[in-house]
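**Q** Next input, structure requested:
(2 chains)
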Amino acid sequence: MSSITLKNISKIYSDGTIAVNDVNLQIENKEFIILVGPSGCGKSTTLRMIAGLEQISKGEMKIGDRVVNEIEPKDRNIAMVFQSYALYPHMTVYKNMAFGLELRKIPKNEIDKRVREAAKILDIEHLLKRKPKALSGGQRQRVALGRAMVRSPDVFLLDEPLSNLDAKLRTAMRTEIIKLHKRLETTFVYVTHDQTEAMTMGDRIVVMKDGIVQQVDTPKNLYNSPCNLFVAGFIGSPGMNFIPCEFDSKNKVRINGSTITITQKEQLEALIKDGGDNLTLGIRPEDITVDSEYIKKHPDSVFEAQVDVVEPLGSETFLYLDFFGTRIIARVSPDVTFTQGEIVKLGINTEKLHIFDTSSGENILTLN
Amino acid sequence: MSKRGIISKFFSYLFLIIAAVVFLSPIFIVLMNSFKSKFHISDSPFTLPDEKTFEGFRNYTQGVAKTGFFSAFGWSLFITVFSVAAIVFFTSMTAWYITRRKTKFTQILYYAFVFSMIVPFQMVMFTLTKTANILSLDNPVGLIIIYLGFGAGLSVFMFSGFVKSIPIEIEEAAMIDGCNPVQTYFRIVFPILKPTAITVAILNAMWVWNDYLLPYLLIGSEYKTIPIAVQYLKGGYGSVDMGAMMAMLVLAIVPIVIFYLTSQKYIIKGVAAGAVKG
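**A** Residues are numbered from 1 along each chain as shown, chains lettered A, B, ... in the order given. Have a look, this model is predicted:
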């Protein structure tokens, strides 16, 4: 049983800085959970509190059924993979992996068996006699994972383990870690600021900002139903477009004189009670189209915008557009060609809109 | 290589050769004269020994007998080995502690160590001698403690620079692996500090081995180290047995030169490692 419970967890430094503020989180046994957010959001501090490397200022933390607030890192039965790998430079790969087991007085033949097994899984058997300085970044990362694996811990903690690798290796290691989680069937807590890693690896994602948990959900739900402007903007690459708008009447939203008809008008009317003149419309880049057929069929949701930059990526093209003074991005087919400065007609998929209260940032309506 | 490159290489080699000759010639002169009789040393100090002037190892045997060289060698070795061991052991631990624990106290402590580097020995030698007498430190073991105090400034400074360059994650990984602070120090931190430890050991060994004034003031009358023993070759009215003195000087520098040559590759590594970060 290796669930983790964070109950009203806070981290307040001696100078009064609040790094983590009242976090409540239940991480299930064998779950792969991702802590994601921008720099300084408290994700690494939360992970370090789970590891026991940071004192918990307030709240209660449990690993399994055991309260671990005052328990030393070595007695929590956790293993951690650091961003900088943190391998012992004076020891060989074998020694690095065996060190934790030696300290726990595990018999030598058992240590040897575990180290060789882990090395086989990670394909680093041929590196066992080398020292870390003779390894590449990817190999070091594998050794760091191996060092964690041999301990058979209850919980794996990974602190931005891929951020020092190049893009190609990062993609390869991402798959390796997903496979490793499936194979080991252990709880994984993974910190990253890369939302692609978050979306592709985790069973659930915890989005944090300024020490506060914004939303905890599956990658799909986070993408489709973000709870506020921050989550909507952070999840997805490129992020969601935000356009200032006003509630017009009944089932219409007004953007700079033009209106969009919202099909689920009852929801809109129910949610926007006080005039709704301070709203933000959110739309994903893929829900903006330049397809002429769609535009003909949906004249109620067509706008014009000026092309600023065209980014052809081969499989798709990103159009950076000036939309009534707001920069928006559209993900369009690579077959369509545009030139800078051209005025284009855009069709907005009104069934995939999000409406946010601009002042509070809260999502008040999601149409899916 | 261009003509300019060849000329610049020629001059740099020329400069290095001249510098090497300047630094090595005193040692060579001492070595050369240690095989000549004392009368010929003052007559022709810069000539090689010939069949007339060559004395063989007579100067060595006489010097050893006159100075009680083996006893002096023993005391020098004892004081140097234990002083250096104490300096490396205690100052590396201190540097680790004051670098990792960022408090007002450790900051003050660090600056106190750095400040001690710039206080010349002559400024404190009389008060120190008096204090050492009061505290019964005027014996070889007491001298080791005093050397620890004098060597701590530079050593803590050097170790601190290197500790700063060790990522804290390595120590945290050790904590998670199961190390307590003592194990973290001995099994992780100290092995990583090895190049700096060797540099500190070499610098301090050369200083302690060759030091004359401090042992002379504190233990000179009872326990003679090599520098003190050698100066006893000076007789009355300024007469000096130059042959024996040269022979003893050769014997005195041999151990430290061997120590330096065997571990000199670590000096550059250690100094550079501490200097890059921190």
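**Q** okay, now A:Ala148: neighbour count?
**A** Other residues within reach of A:Ala148, judged by other CB atoms under 10 Å in any protein chain shown, total 28. C-betas here are computed from N, CA, C, even on glycine.
**Q** can you pull the contacts of it?
**A** A:Ala79, A:Met80, A:Val81, A:Phe156 (CB atoms under 8 Å, 6 or more residues apart in numbering or on different chains).
**Q** you'd agree the first one is up against A:Gly146?
**A** No - the pair A:Ala79 / A:Gly146 is not scored as a contact, 10.3 Å apart, by CB atoms under 8 Å.
**Q** residues in chain A within reach of chain B, list them.
**A** A:51-53, A:72-74, A:78-80, A:82-84, A:86-90, A:99-100, A:103-104, A:147, A:151 (CB under 8 Å from any CB of the partner chain).
**Q** Just the buried ones out of those residues, please.
**A** Among the residues of chain A next to chain B, those classed as buried by 16 or more other CB atoms under 10 Å in any protein chain shown are A:51-53, A:73-74, A:78-80, A:82-84, A:86-88, A:90, A:99-100, A:103, A:147, A:151.
**Q** Next step: those restricted to helices.
**A** Taking DSSP state H, the ones among those that sit in helices are A:Ala51, A:Phe99, A:Gly100, A:Leu103, A:Arg147.
**Q** between those residues, which is nearest B:Cys179?
**A** Nearest to B:Cys179 among these: A:Leu103, at 6.4 Å, using CB to CB.
**Q** Nearest residue to the closest one in space, ignoring adjacent ones along the chain?
**A** B:Gly178 (3.7 Å; CB to CB, 6 or more residues apart in numbering or on different chains).
**Q** Run a quick neighbour tally on the one you found.
**A** B:Gly178: 19 neighbours (other CB under 10 Å).
**Q** With A:Lys182 instead?
**A** Here the number of neighbours of A:Lys182 (other CB under 10 Å) works out to 10.
**Q** Against which helices or strands is the one helix or strand it maps to packed?
**A** Element membership of A:Lys182, judged by DSSP states H and E, is helix A:167-184. Helices and strands touching helix A:167-184, by 3 or more CB pairs under 8 Å, 6 or more residues apart in numbering or on different chains; DSSP states H and E, are helix A:108-122, helix A:137-149, strand A:155-159, strand A:187-192, helix A:195-201.
**Q** In JSON lines, list these along with distance to A:Asn256.
**A** Shown next, in JSON lines, are the helices and strands packed on helix A:167-184 (distance: least, CB to CB, whole Å):
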{"stretch": "helix A:108-122", "distance to A:Asn256": "56"}
{"stretch": "helix A:137-149", "distance to A:Asn256": "49"}
{"stretch": "strand A:155-159", "distance to A:Asn256": "45"}
{"stretch": "strand A:187-192", "distance to A:Asn256": "38"}
{"stretch": "helix A:195-201", "distance to A:Asn256": "30"}
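**Q** Nearest to A:Lys43, out of these?
**A** strand A:187-192 (4.9 Å).
**Q** What average pLDDT does the closest one get?
**A** Averaged over strand A:187-192, pLDDT sits at 95.
**Q** Note down every partner strand of it and its orientation.
**A** strand A:32-36 (parallel), strand A:155-159 (parallel) (DSSP bridges).
**Q** Let's see it as PDB, backbone CA atoms only.
**A** Extracted C-alpha coordinates of strand A:187-192, given in PDB (Å, rounded to 0.1, in the frame of the first residue of the first chain):
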ATOM      1  CA  THR A 187       3.300   5.000  -7.100                       C
ATOM      2  CA  PHE A 188       5.200   7.600  -9.200                       C
ATOM      3  CA  VAL A 189       5.200  11.300  -8.400                       C
ATOM      4  CA  TYR A 190       6.700  13.300 -11.200                       C
ATOM      5  CA  VAL A 191       7.600  17.000 -11.200                       C
ATOM      6  CA  THR A 192       7.900  18.900 -14.500                       C
END
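**Q** Show the pLDDT at the residue nearest to A:Leu103.
**A** pLDDT, B:Gly178: 92.
**Q** correct me, but it touches A:Lys74?
**A** Yes - if you go by CB under 8 Å, B:Gly178 and A:Lys74 touch, sitting 4.2 Å apart.
**Q** if I look at those two, which residues touch both of them?
**A** A:Leu103.
**Q** Spatially central, which residue of the chain would that be?
**A** Answering for chain A, as no chain was given. Against the mean C-alpha coordinate of chain A, by CA atoms, centre = their mean, the closest residue is A:Ala198 at 3.3 Å.
**Q** you looked at the wrong chain, it should be chain B
**A** Note: chain B centre (CA atoms, centre = their mean) maps to B:Met206, 1.7 Å.
**Q** Appreciated, that's everything.
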